[in-house]
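S.K.: prediction below, plus the sequence it came from.
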Amino acid sequence: MAITINIYYHGINGNAAKFAEEMLSSGIVHHIRQQNGNLRYDYFFPINDTETLLLIDSWENQDALNAHHHSPMMAKIIALREKYDLHMTVERYTSDETDSAQSDAAFIRK
């Protein structure tokens, strides 16, 4: 069962954007995307809130997420969160194992 975590990083004075820029330029994001079990690690900015950064972070299962949490990357992420004084709101979702693709197909424009 895949796990997706939406992390909203809240900051001031553009710190959320600076955090994302440093995560990318330092190679941390690249290394996280290479970790076993990572399905997605992407940043987005809400159109109505320039001081918030959304991370969509997906993993194959809880074991993969646990390994990520115990990897050297977490210490680097924590250090950058502190550097930019970011606070977080977190939402956690698990994949729907039912076959809903057919019932949803009528509502999806491709």
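M.R.: Sure, I can see it. Numbering: from 1, shown residues only.

S.K.: partner residues bridging residue 42?
M.R.: Beta-bridge pairing of residue 42 under DSSP bridges involves residue 56.

S.K.: ok, residue 91 next?
M.R.: residue 6.

S.K.: list the contacts of it.
M.R.: Residue 91 makes contacts with 5, 6, 8, as judged by CB atoms under 8 Å, 6 or more residues apart in numbering. C-beta coordinates here come from the backbone N, C-alpha and C atoms, glycine included.

S.K.: now the second one: how far from residue 95?
M.R.: Using CB to CB, to the nearest Å, one gets 14 Å for the distance from residue 6 to residue 95.

S.K.: remind me which residues of the protein are low pLDDT?
M.R.: Where the chain drops to pLDDT under 70, the residues are 97-101.

S.K.: show me where it has strands.
M.R.: Here the chain has its strands, by DSSP state E, at 3-10, 38-44, 52-59, 87-94.
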